[in-house]
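Colleague: The following block contains a protein sequence and its predicted model.
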Amino acid sequence: MILWRQDGEISHARRRSSEAGAFLLPDRILAFRECWARRAGTGLGMASSRREVRNLGPFPGFLCCDVSLFPEIRKKAQDVEELANASFSWTAQKEIRFSRAIEEVLGDLEPSQEDRDARAAIVASFDSFVKQTLSGSSVVAPFGSYVTNTFTCDSDLDLSLYVNRMNPLSREEKLYFLKRVTTSLQAMHARYDQIQPIYNATVPVVKFVDRKTGIQCDLSVDNKDGASKSLVLAALSSIDKRFRPLCLLLKKWAKSHEINDASAGTLSSYVITLLAIFHLQTCSPPVLPPLSMIIGGLDLDASYCSGFISARAKAFQGFGARNMDRISELFRTFFVKITAVKALWQEGLCASTYHAQWISKWPSFHNGCICVEDFYDPSRNAAKAVTPKDFECIYQCLENSVDAFRRPITDMESFKKMIVGDGCMPKVTPPPRPEPRFPDPRDIRPSLAVPLLLQGRPHRPASGPPNRRF
């Protein structure tokens, strides 16, 4: 039970300590967080920024809602998923063939040691290049799929430039350093190519390609958000070995179907990874624990949290041992689960990896399409870039894959191409929108509301010479 006090503290809360020595948050503590947000004037349980969420009280990292307040929509999601799984016929022979195809695809996706060495060399060489450019104690560090070990040979390399400053950099300062590095990159045609700065993005980046390896790199400045997220995802990868191959398969599937680009209104790699985590958390039995057990009560921006996250993740190793599903079964049920809840997104459905269950979000948070809560910033929908038009495209790809899973596997190569793309499955094109119909000016009856110049005949004033054509 949580009681509100005027001084912003919790008067009564049951807590238990993990082996790592950190406190775990009880579920009902979220009601206190919501009450505080209403008092602060930030809306219906919503926080305006992550720093505001983090400073709500002695227990940072609260979410935007109490999961116990929305049992109806969670029950709906569970029911439609059970019905979808019950209607899916799956024989033992088909499971064997499907598992064999998945293993062959994973073998092709596994990066070689040469590719790993090439990426490490890019990080080292670019770090030296930046130190010469900025002539200071600047450091370049990787994050993203390279740190979480969920990259393939054609994945981008995410880099972040950290400038030795005591205070966080403003957007103007980040743009200043990014433009300086961009200017130096453009002068190094022998080493870097296809330099494309994107300064007006939410996170300003400059894209470039390493000429020697052909690997595309994305450089940002002081991207501590990406580093903190990568730290948590890398810790999850150490809990169960099935997390990494599932992410590899889903990213490859989305990229081959051209729905892996947030700038185009589809799914980012981060959203796909969060959905993979959510699926592993909501399996029966679960494979991964709720993220509240890993990051609850921690300030992810603080330098000390790295050791706590690693210790907590280590304590949960073997958490999913009771789940005996192969990666092929987890891959198939992922599509069944996400496809089954298509109609519930418009009712406020949201996938929360922090709580490891379906929750509901307020309308100001939800855009009616896919909603995935960002564990780093609970006030943010990680899939907010998905537009209604691309939502239909994404779900057409998902439904086509589910239909392909139902059919017998006659040709192994064609089935593998369906998973990794390569033109086997037809590309999804949204239905054309009807062109807006504007009335023909010649069909409009003369009236004072329509100028005579739009009625198909020249305008002559009541008196005076006729108008000249311009």
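Modeller: Noted; the coordinates are in hand.

Colleague: What ranges in this structure fall below the confidence cut-off?
Modeller: Counting by pLDDT under 70, the chain has low-confidence residues at 1-70, 362-366, 421-470.

Colleague: what about Ser268, distance to Leu248?
Modeller: Separation of Ser268 from Leu248 (CB to CB, to the nearest Å): 16 Å. C-beta coordinates here come from the backbone N, C-alpha and C atoms, glycine included.

Colleague: ok, those two, which is more surrounded?
Modeller: The residue with more neighbours, out of Ser268 and Leu248, is Leu248; 23 against 18, by other CB atoms under 10 Å.

Colleague: The more buried one - nearest residue in space that isn't next to it in sequence?
Modeller: Leaving out its chain neighbours, the residue that sits closest to Leu248 by CB to CB, 6 or more residues apart in numbering is Leu109, at 5.0 Å.

Colleague: number of nearby residues for the one you found?
Modeller: Per other CB under 10 Å, the neighbour tally for Leu109 reads 18.

Colleague: what sits against it?
Modeller: Thr152, Leu248, Leu249, Lys252, Val420 (CB atoms under 8 Å, 6 or more residues apart in numbering).

Colleague: what about the fourth one, how many neighbours?
Modeller: Neighbourhood size, Lys252 [other CB under 10 Å]: 21.

Colleague: Tell me if I'm right that it and Cys153 touch.
Modeller: No - between Lys252 and Cys153 there is no contact under CB atoms under 8 Å: 10.7 Å.

Colleague: Quick check: Glu329 vs Lys94, distance?
Modeller: As judged by CB to CB, Glu329 and Lys94 stand 11 Å apart.

Colleague: neighbour-wise, which of those two wins?
Modeller: Ranked by neighbour count (other CB under 10 Å), Glu329 and Lys94 place Glu329 first, with 18 against 15.

Colleague: Just the buried residues of the host helix or strand of the more buried one, please?
Modeller: Using DSSP states H and E, Glu329 falls within helix 327-340. Neighbour-count burial for helix 327-340, counted by 16 or more other CB atoms under 10 Å, picks out 327-340.

Colleague: Looking at those, which one is closest to Pro168?
Modeller: Checking the buried residues of helix 327-340 against Pro168 by CB to CB gives Ile338 as the nearest, at 36.1 Å.

Colleague: correct me, but that closest one touches Leu398?
Modeller: Yes - counting by CB under 8 Å, Ile338 does reach Leu398; the two are 6.0 Å apart.

Colleague: any chance you could map the strands in the stretch 1-150 of the chain?
Modeller: 16-17, 23-24, 139-143 (DSSP state E, counting those that start in this stretch).

Colleague: Extract the CA atoms of the longest one and return them as PDB.
Modeller: Taking only C-alpha atoms (Å, rounded to 0.1, in the frame of the first residue of the first chain), the coordinates of strand 139-143 have been written out as PDB:
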ATOM      1  CA  VAL A 139      36.500  10.100 -27.000                       C
ATOM      2  CA  VAL A 140      34.500   8.200 -29.600                       C
ATOM      3  CA  ALA A 141      32.700   5.100 -28.300                       C
ATOM      4  CA  PRO A 142      30.400   2.600 -30.000                       C
ATOM      5  CA  PHE A 143      26.800   1.900 -28.900                       C
END
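
Colleague: check contacts around Gln194.
Modeller: Neighbouring residues of Gln194 by CB under 8 Å, 6+ apart: Lys207, Phe208, Val209, Gln216.

Colleague: Which helix or which strand is home to it?
Modeller: Assigned by DSSP H and E, Gln194 falls in strand 192-198.

Colleague: which parts of that strand are buried?
Modeller: Neighbour-count burial for strand 192-198, counted by 16+ other CB under 10 Å, picks out Tyr192, Pro197.

Colleague: And stretch 236-251, by the same measure?
Modeller: 236-237, 239-240, 242-251.

Colleague: Can you tell me which of those end up in helices?
Modeller: Among these, the members falling in helices (DSSP state H) are Leu236, Ser237, Phe243, Arg244, Pro245, Leu246, Cys247, Leu248, Leu249, Leu250, Lys251.

Colleague: Now the third one: closest residue in space that isn't a chain neighbour?
Modeller: Here the nearest residue to Phe243 in space, its sequence neighbours aside, is Ser237; by CB to CB, 6+ apart that works out to 5.2 Å.

Colleague: show me what contacts the residue nearest in space to the middle of the chain?
Modeller: Central residue of the chain (CA atoms, centre = their mean): Val271, 2.1 Å from the mean position. Neighbouring residues of Val271 by CB under 8 Å, 6+ apart: Ala262, Ile370, Val372, Ala382, Ala383.

Colleague: Can you show me the helices along the stretch 251-400 of the chain?
Modeller: Assigned by DSSP state H, counting those that start in this stretch, the helices in the stretch 251-400 of the chain fall at 269-281, 292-295, 305-315, 327-340, 388-406.

Colleague: if I look at the residue nearest to Leu248, how far off is Val205?
Modeller: In terms of CB to CB, Leu109 sits 25 Å off from Val205.

Colleague: so what's the residue nearest to Val123 when sequence neighbours are not counted bridging to?
Modeller: With sequence-adjacent residues excluded and distances taken as CB to CB, 6+ apart, Val123 is closest to Pro142, at 5.3 Å. For Pro142, the beta-bridge partners under DSSP bridges are Leu159.

Colleague: can you tell me how far Asn400 sits from Met418?
Modeller: Counting by CB to CB, the gap from Asn400 to Met418 is 9 Å.

Colleague: neighbour-wise, which of those two wins?
Modeller: It is Met418, of Asn400 and Met418, that has more neighbours when counted by other CB under 10 Å, with 22 against 16.

Colleague: and the more buried one, what element?
Modeller: Met418 belongs to helix 412-420, assigned by DSSP H and E.

Colleague: what angle separates that helix from helix 243-256?
Modeller: On the basis of axes from the mean of the first three to the mean of the last three CA atoms, to 10 degrees, helix 412-420 is oriented at 90 degrees to helix 243-256.

Colleague: Pull helix 412-420 out as CSV, backbone CA atoms only.
Modeller: In CSV, the C-alpha atoms belonging to helix 412-420 read as follows (Å, rounded to 0.1, in the frame of the first residue of the first chain):
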residue,chain,number,x,y,z
MET,A,412,13.5,-25.0,-48.2
GLU,A,413,15.3,-22.3,-50.1
SER,A,414,12.0,-20.4,-50.9
PHE,A,415,11.0,-20.6,-47.3
LYS,A,416,14.4,-19.2,-46.2
LYS,A,417,14.0,-16.4,-48.7
MET,A,418,10.6,-15.6,-47.2
ILE,A,419,12.3,-15.1,-43.8
VAL,A,420,15.3,-13.0,-45.0
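
Colleague: Now do it against helix 388-406, angle only.
Modeller: Counting by the same axes, to 10 degrees, helix 412-420 lies at 150 degrees to helix 388-406.

Colleague: helices or strands up against helix 412-420?
Modeller: Packing partners of helix 412-420 (3 or more CB pairs under 8 Å, 6 or more residues apart in numbering; DSSP states H and E): helix 92-109, helix 243-256, helix 388-406.
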